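Student: show me how the following folds:
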Amino acid sequence: MSGSCRRLIINADDFGLDRAISSGILQAHDEGVLTSTSLVAGGEFADEAALAALKRPALGVGIHLSLLDTAPLEGSENVPSLVTAEGRFPPSTSSKIFVDLFMGRLDLAEIEREFEAQIRRVLDLGIAATHLDGHNHIHVFPSLVPLVIRLAKKYKIPAVRYPAEALWALRPFNSVKWAKKTALTLAAGLNKRKWVKAGIRFPDRFRGMGHSGHLTRDRLLALIKALRPGITEIMCHPGEPPAGESKFPWEYEWAQEKDALCDPEVRALLDENKIERVNFSVFRENDEKS
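Tutor: Below you'll find the model as predicted:
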């Protein structure tokens, strides 16, 4: 690959979490420039989403490891430190899971068993997982990185998301959100050596966190115009408008993101600049060639 070659992974999160989200992701791939997605193994529509993905061999599918918004695949009785009184993971609108992780209140063995169950579930659905990432980027929380590395190596998953975004790209919706995103970027950076030492691969750059849930056509065009040589991941959240009230009060503009990914001007810009659209399977292919 030429040193000036630019490769782009455009990855949609939350595949299988909701039917409307999955539908928008599939449309963004079929009609737009989306190349990759991350499947929520415990999502209500995970099986349906996996079946649809298998009919689209160009769509890379990774695993969106989660301790939020769903029920554990291990069963609540087997992961008591991770669940609420209702036997489910906490909602992603709550910071409890991260506070509990920081304070050491969660059983890491339970987390590893649950993450392994999620990986096995996706593989059992016939998906050749291209990478691991995390709901709310939980896979880069410092105490979880060693177990995520173990699981990636055990199941021969070659790559992870490395969500360290340049601080200038973090649009400050408000000071609290900006501080959280800055902390996440710094946490990812602190663990970079561990991924490298373990032989786990990741893109050269990551973009999209600063516009999470609010990626417009103009913002996407700006990100593409600023691409540098190497492999860049752009994270996005396309979807269809939910039928009725959304189950996930994140105030994401799902349809706007889907429309941006399907905009002809976006495809034209990629083609004019000879930017190669790839997914995380490129890391497996590179390993096989070496």
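Student: how about the helices in the protein?
Tutor: 19-30, 46-54, 96-103, 108-124, 145-154, 175-190, 192-198, 217-225, 254-261, 264-272, 281-289 (DSSP state H).
Student: name the spans of the stretch 51-200 of the chain whose pLDDT lies under the cut-off.
Tutor: Along the stretch 51-200 of the chain, the parts satisfying pLDDT under 70 run over 167-178, 180.
Student: next, format the helices of the chain as JSON lines and append mean neighbour count.
Tutor: All C-beta atoms are positioned from the backbone trio N, CA, C, and that covers glycine. Below are the helices of the chain laid out as JSON lines (neighbours: other C-beta atoms under 10 Å):
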{"stretch": "helix 19-30", "mean neighbour count": "23"}
{"stretch": "helix 46-54", "mean neighbour count": "19"}
{"stretch": "helix 96-103", "mean neighbour count": "15"}
{"stretch": "helix 108-124", "mean neighbour count": "19"}
{"stretch": "helix 145-154", "mean neighbour count": "18"}
{"stretch": "helix 175-190", "mean neighbour count": "15"}
{"stretch": "helix 192-198", "mean neighbour count": "13"}
{"stretch": "helix 217-225", "mean neighbour count": "16"}
{"stretch": "helix 254-261", "mean neighbour count": "23"}
{"stretch": "helix 264-272", "mean neighbour count": "13"}
{"stretch": "helix 281-289", "mean neighbour count": "15"}
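Student: for those, could you give me CSV that also reports distance to residue 135?
Tutor: Listed next are the helices of the chain as CSV, based on distance: least, C-beta to C-beta, whole Å:
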stretch, distance to residue 135
helix 19-30, 12
helix 46-54, 13
helix 96-103, 10
helix 108-124, 10
helix 145-154, 13
helix 175-190, 13
helix 192-198, 19
helix 217-225, 22
helix 254-261, 16
helix 264-272, 26
helix 281-289, 21
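Student: could you check the ones you listed and tell me which one is nearest residue 206?
Tutor: helix 175-190 (8.1 Å; C-beta to C-beta).
Student: what's the burial count for residue 10?
Tutor: 30 (other C-beta atoms under 10 Å).
Student: what sits up against stretch 186-206?
Tutor: 9, 137, 140-142, 145-146, 149, 152-153, 158-166, 228, 230-233, 235, 283, 286-287 (C-beta atoms under 8 Å, 6 or more residues apart in numbering).
Student: and stretch 94-101, by the same measure?
Tutor: Taking C-beta under 8 Å, 6+ apart as the rule, stretch 94-101 contacts 67-68, 81-82, 89-90, 106, 136, 138, 141, 143-144.
Student: for residue 37, state which of the residues you listed is nearest.
Tutor: Distances from residue 37 to those, taken by C-beta to C-beta, are shortest for residue 136, at 16.7 Å.
Student: how many neighbours does that closest one have?
Tutor: 18.
Student: pretty sure it contacts residue 92?
Tutor: Yes - in terms of C-beta atoms under 8 Å, residue 136 counts as a neighbour of residue 92; the distance is 5.6 Å.
Student: list buried residues within the contacts of stretch 94-101.
Tutor: 67-68, 82, 89-90, 106, 136, 138, 141, 144 (16 or more other C-beta atoms under 10 Å).
Student: determine which two of those are furthest apart.
Tutor: Once C-beta to C-beta is applied, these give 90 and 144 as the farthest pair, at 15.7 Å.
Student: count the neighbours of the closest residue to residue 251 other than its chain neighbours for me.
Tutor: Excluding the flanking residues, the one nearest residue 251 by C-beta to C-beta, 6 or more residues apart in numbering is residue 213, at 6.9 Å. Neighbours of residue 213 under the rule other C-beta under 10 Å: 17.
Student: ok, longest strand in the chain?
Tutor: If you go by DSSP state E, the chain has its longest strand at strand 6-15.
Student: give the partner strands of it in its sheet and their orientations.
Tutor: Strand pairing for strand 6-15, determined by DSSP bridges: strand 36-39 (parallel), strand 230-236 (parallel), strand 276-278 (parallel).
Student: and the last one, what's buried?
Tutor: Meaning strand 276-278. For strand 276-278, by 16+ other C-beta under 10 Å, it's 277-278.
Student: and what of the second one?
Tutor: When burial is assessed from 16+ other C-beta under 10 Å, strand 230-236 yields the following buried residues: 231-236.
Student: got these as CSV, with distance to residue 30 and pLDDT columns?
Tutor: Output for the buried residues of strand 230-236, formatted as CSV (distance: C-beta to C-beta, whole Å; pLDDT from 0 to 100):
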residue, distance to residue 30, pLDDT
231, 23, 98
232, 23, 98
233, 20, 98
234, 18, 97
235, 20, 96
236, 15, 97
